[in-house]
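Enquirer: Sharing a model that was predicted from the sequence below.
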Amino acid sequence: MTMIPVVTTVALAMIALAFLLALVRVVRGPSIADRALGADVALSGAVAAIAILTLSAGSEEFVDLVLIATLLGFLATVALSVLVGRRGS
Amino acid sequence: MNAVGALDIVGAVLLLLGAALVLLAGIGLLRFPDVLTRASSGSKATGLGLTLVIVGVALVLATPRALVVLGLAALAQLVTAPVAGHVIARAAYRSGAPLWEGTHTDELAAHYATHPDEDA
């Protein structure tokens, strides 16, 4: 029981760092595809954070959010790459 | 009691592995030289890393509802993330994104005979 809070804190810290790195890629570009990739990784970091926060929140309601966010993330990524294909980099 | 403790430990290990993979992919996203290598790194994070985190959380929670919904989420993520990565990489290549100067073979170059950006 005492192990889980430590594990969630460490994992959240790693994911927060990954989120920031992905945001740096979104800002820097240079192409639209790079920004789409950065947004994709940032979104999966956010979903992972939601999943981990379910453990410390003590309520299971966030679990549905994880499922919906994964599917929405796929849709968003595919839509963005259609845009990249149309407009060029 | 013993089985629950073992489930907690396995879940925690998977969770840490997934988080570490997401972090590594974030570093790769920042440091790799061109779009295709970054897409390779990014789809590791979204595919394997996030799936490991979700499975780890499901094992620690270990309630029927969490197992079903998170299992579904993990399966969906495992199936869709590689597709998303390939779609982005293909769109980037077709839009004429520059390749890394150390690129060894470009098998698609022959396929798109008209490559630089006319027929998009």
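Expert: That came through, no problem. All values reported here derive from a predicted model rather than from experimental measurement. Residues are numbered from 1 along each chain as shown, chains lettered A, B, ... in the order given.

Enquirer: Stretch B:69-84 and chain A, are they touching?
Expert: Yes. If you take Cβ under 8 Å from any Cβ of the partner chain as the test, stretch B:69-84 does meet chain A, through B:Val69, B:Leu70, B:Leu72, B:Ala73, B:Ala76, B:Gln77, B:Thr80, B:Ala81, B:Val83, B:Ala84. In this view, the C-beta of every residue, glycine as well, is placed from N, C-alpha and C.

Enquirer: for that stretch, which positions count as buried?
Expert: Neighbour counts over stretch B:69-84 (16 or more other Cβ atoms under 10 Å in any protein chain shown) mark B:Val69, B:Leu70, B:Leu72, B:Ala73, B:Ala74, B:Ala76, B:Gln77, B:Leu78, B:Thr80, B:Ala81, B:Ala84 as buried.

Enquirer: so which of those residues would you say is closest to B:Ser95?
Expert: B:Ala84 (16.6 Å; Cβ to Cβ).

Enquirer: surely that closest one meets B:Ser43?
Expert: Yes. Under the criterion of Cβ atoms under 8 Å, B:Ala84 makes contact with B:Ser43 at 7.1 Å.

Enquirer: which sections of the chain are below the confidence cut-off?
Expert: Using chain A here. Across chain A, the ranges flagged by pLDDT under 70 are A:1, A:87-89.

Enquirer: hmm, I had chain B in mind actually
Expert: Low-confidence segments of chain B (pLDDT under 70): B:1-4, B:110-120.
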